[in-house]
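Asker: Predicted model follows, preceded by the sequence.
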Amino acid sequence: MDRLREAATTEPGRLRIIGAVLAALVVLFGAVTVWEISGRATAADDVVGHSQPLSADAANIYRSLADADTASSSGFLAGAQEPREVRQRYEKDIANASRLLVGAAANTGAGGESRKEIALLGEELPRYTGLIEQARATNRQGLPLGGAYLRYANERMSTVLLPAAQRLYEAETGRLYTDYDDARSWPFASIGAGLLGIGALVWAQRRNYRRTNRVFNHGLVAATTASAVVLLWLVVGHSVARAGLSEARSDGQESLKVLNDARIASLQARANENLTLVARGAVLAEDKKSDKYDVDYTKNMKELDAGLSAALRLADDGNGEQPLAKAVDGVTQWKQRHASARESDMRGDYDLALVQVVGDKDHKDSSGASFDTVDASLEQAVVHEQKEFTRAARGGLGALGGLTTGAAALAVVGAAAALLGIGRRLSEYR
């Protein structure tokens, strides 16, 4: 220790200590940058390839279940021989929900809220389909009990399946927003280490100038340049990544959430519209006077109107606004046709009301045709916003590409250059 202290009091000894400290600071800067940016790149990759697709799948599970419930009531209203396309739509929805549940179970970690909801949905979905099959079989025999089975199936869907799907969607969306925050958080430790390293290199060069009157030390200049490049790359690259991820969230994910809510509201409104004719006043609302399903239909349509208004505010280009404008027109037409059907039903003309809701063989001029227009337009808007999200999120992820490798390589170069620069000064004492 005495010899070390004695060596530190000489200029060569001080230079060795300065060289070691400079090299350590540059390596520390590179290591911290690699560590922080790797974590943010992983989070950004999860946003693009894991959490957002899982959130979208959870929304599609909800939509498929709601659409299946709508299709089952439409098929029931059509009579004993339900239309083939309606039956195929129901079967496709159930198959799609089952497939997405299997995928969600495979990609969701053990435990947690999502796993519980997936298990509940897996248990309840076969029970629901069993009730629907009982309703269909009884309806084909012309027995009124089929309507009771259908209403009970709808109750299970409304009180068990759809709430579980909603909780699953909220859990997966919460995970998505956590990944967003992790990917967008500033790498303060890396920036601080970079500023510290560059500050130490500048101090060493100033010290060298004051003692030797030499303006530049090539090794220290190279180390400073390498560190400055890494710091600039870090700040600019992360800023671009933050901008891309922010755009994906504001212009993509938020629009998708609003559109999914609007689409679900339209599906529930259609199911309640159908059940109004199936129940024929047998189920009353809380006021014991109004038809429950008609009250629920009115509530769903208000939610749909609010969702479309919010989606139009979030739409930022013509391709996003066009399908929404078409959906708004479809909703206006749907309300008018529903009002006509309710008027026919209230005055006792059930057959006319049925045609006005379900449609004739051409399925024209009915509220069902208006619903199909709204649903197709919302689907088109969802596809567009999903593309916008993917484009922006991948752009943000791409901005971090190569930064970890580049930071590590430049840190090694900078540390070596700092040692060479100090070594050049030490050679003057030999």
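Answerer: Yes, it's here. Numbers count the residues shown, from 1 in each chain.
Asker: got any ranges where the stretch 101-250 of the chain has weak pLDDT?
Answerer: 109-111, 213-215 (pLDDT under 70).
Asker: hmm, 90 instead?
Answerer: Of all residues in the stretch 101-250 of the chain, those with pLDDT under 90 make up the ranges 102-117, 132-133, 135-159, 162-163, 166-167, 169-186, 204-221, 238, 241-250.
Asker: hey, where'd the strands end up in it?
Answerer: Shown for the stretch 101-250 of the chain, no strands are assigned by DSSP state E, counting those that start in this stretch.
Asker: For the residue most central in space within the chain, give me the pLDDT.
Answerer: Note on the chain: the residue nearest the mean C-alpha position is residue 52, at 3.6 Å, using Cα atoms, centre = their mean. Predicted confidence (pLDDT) for residue 52: 84.
Asker: Would you verify that it is located in a helix?
Answerer: Yes - assigned with DSSP: H, G, I helix; E, B strand; the rest coil, residue 52 falls within a helix.
Asker: That one contacts residue 176, correct?
Answerer: Yes - contact criterion Cβ atoms under 8 Å: residue 52 and residue 176 qualify, at 5.4 Å. In short, each C-beta sits where N, CA and C put it, glycine included.
Asker: Mind listing the shared neighbours of the two?
Answerer: Listed as contacting both residue 52 and residue 176 by Cβ atoms under 8 Å, 6 or more residues apart in numbering are residue 253.
Asker: returning to what we had before: residues in contact with the residue nearest to the centre of the chain?
Answerer: By Cβ under 8 Å, 6+ apart, residue 52 lies in contact with 176, 253, 389, 393.
Asker: if you look at the residues you listed, which of them are in strands?
Answerer: Using DSSP state E, no member of the contacts of residue 52 falls within strands.
Asker: Let's see which of those end up in helices.
Answerer: Among these, the members found in helices (DSSP state H) are 176, 389, 393.
Asker: Looking at neighbours, which among the residues you listed is most surrounded?
Answerer: Within the ones in helices among the contacts of residue 52, neighbour counts (other Cβ atoms under 10 Å) peak at residue 393, which reaches 26 neighbours.
Asker: Pull the contacting residues for the nearest residue to residue 167 once chain neighbours are set aside.
Answerer: Take residue 167 and drop its neighbours on the chain: the residue closest to it by Cβ to Cβ, 6 or more residues apart in numbering is residue 117, 5.1 Å away. Shown in contact with residue 117 (Cβ under 8 Å, 6+ apart): 164-165, 167-168, 171.
Asker: List the buried residues for the longest helix anywhere in the chain?
Answerer: For the chain, the longest helix by residue count, based on DSSP H, is helix 11-46. For helix 11-46, a neighbour-count test (16 or more other Cβ atoms under 10 Å) marks 13, 15-16, 18-19, 22-23, 25-30, 32-34, 36-37, 40-41, 43-46 as buried.
Asker: count of neighbours near residue 401?
Answerer: 12.
Asker: For residue 322, identify the helix or strand it belongs to.
Answerer: When elements are assigned from DSSP states H and E, residue 322 belongs to helix 318-346.
Asker: now the following helix or strand past that helix and helix 318-346, what's the angle there?
Answerer: Elements were assigned by DSSP H and E; along the chain past helix 318-346, the next helix or strand is helix 350-358. Inter-element angle recorded for helix 350-358 and helix 318-346: 170 degrees (by axes from the mean of the first three to the mean of the last three Cα atoms, to 10 degrees).
Asker: Can you give the contact residues for helix 350-358?
Answerer: Here helix 350-358 makes contact (Cβ under 8 Å, 6+ apart) with 74, 77-78, 273-274, 277, 280, 337-338, 340-342, 344-345, 365-368.
Asker: Okay, buried residues for that helix please.
Answerer: Neighbour counts using 16+ other Cβ under 10 Å place 353-354, 356-358 of helix 350-358 among the buried residues.
Asker: Only C-alpha atoms, please: export it in PDB.
Answerer: Presented in PDB, the C-alpha positions along helix 350-358 are these (Å, rounded to 0.1, in the frame of the first residue of the first chain):
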ATOM      1  CA  TYR A 350     -96.100  -9.700 -35.000                       C
ATOM      2  CA  ASP A 351     -95.500 -11.100 -38.500                       C
ATOM      3  CA  LEU A 352     -94.800  -7.700 -40.000                       C
ATOM      4  CA  ALA A 353     -92.600  -6.800 -37.100                       C
ATOM      5  CA  LEU A 354     -90.600 -10.000 -37.600                       C
ATOM      6  CA  VAL A 355     -90.100  -9.200 -41.300                       C
ATOM      7  CA  GLN A 356     -89.000  -5.700 -40.400                       C
ATOM      8  CA  VAL A 357     -86.400  -7.000 -37.900                       C
ATOM      9  CA  VAL A 358     -85.200 -10.200 -39.700                       C
END
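Asker: Centre of the chain to it, how far?
Answerer: 40 Å (Cα atoms, centre = their mean, to the nearest Å).
Asker: what about that helix, average pLDDT?
Answerer: The average pLDDT within helix 350-358 is 82.
Asker: now swap in stretch 85-98 and tell me
Answerer: Rounded mean pLDDT across stretch 85-98 is 90.
Asker: In contact with the residue nearest to residue 31 when sequence neighbours are not counted: list those residues for me.
Answerer: Nearest non-adjacent residue to residue 31, counting by Cβ to Cβ, 6+ apart: residue 411, 7.1 Å away. Residue 411 makes contacts with 26-27, 29-31, 33, 226-227, 230, as judged by Cβ under 8 Å, 6+ apart.
Asker: All good on my end, thank you.
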